[in-house]
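J.: 3D, please:
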Amino acid sequence: MSVISGVGEGPVSQFVMLNKQNAEQVIQEQIKEVVEDPAKRIKELQQPSPFSQFLDIKI
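T.: The predicted structure follows:
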């Protein structure tokens with residue numbers, strides 16, 4: 001892990017570093033998911049919305 005230059009060891013600095021680590025982990029998981037199943041997102045987009053029945057307007 002890289003160190004942010006000019007940052008001390010206070011609570012705010014620790015909070016920033018923890019959030020950075022969490023964000024990196026989430027991004028890596030999302031990249032891994034896309035690499036393993038690239039069509040998953042397309043499948044999710046093609047599924048009908050549960051709210052579509054309320055938007056079915058007849059003219």
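J.: What is the burial count for S13?
T.: Counted with other Cβ atoms under 10 Å, the neighbours of S13 add up to 13. Heads up, the C-betas are built off the backbone N, CA and C, glycines and all.
J.: Need the pLDDT of it.
T.: If you check S13, the pLDDT there is 86.
J.: Which helix or which strand is home to it?
T.: Of the helices and strands defined by DSSP states H and E, S13 is found in helix 11-36.
J.: Below-threshold pLDDT in the protein: ranges please.
T.: Applying pLDDT under 70 to the chain flags the ranges 1-8, 52-59.
J.: let's go with 90 and repeat that
T.: The model of the chain has pLDDT under 90 over residues 1-14, 33-35, 37-59.
J.: What helices and strands are in contact with the helix holding S13?
T.: Helices and strands touching helix 11-36, as assessed by 3 or more Cβ pairs under 8 Å, 6 or more residues apart in numbering; DSSP states H and E, comprise helix 40-46.
J.: Q47 and N22, how far apart?
T.: Separation of Q47 from N22 (Cβ to Cβ, to the nearest Å): 29 Å.
J.: Quick check on those two: which one has the bigger neighbour count.
T.: More neighbours surround N22 than the other of Q47 and N22, with 10 against 7 (other Cβ under 10 Å).
J.: Quick check: the more buried one vs V35, distance?
T.: From N22 to V35 the distance is 21 Å (Cβ to Cβ).
J.: just E44 next, same as before
T.: 16 Å.
J.: one step back: and the helix holding S13, how far out from the chain's middle?
T.: Put simply, helix 11-36 sits 9 Å off its chain's centre (Cα atoms, centre = their mean, to the nearest Å).
J.: Would you indicate which residues of it are buried?
T.: Within helix 11-36, the residues scored as buried using 16 or more other Cβ atoms under 10 Å are M17.
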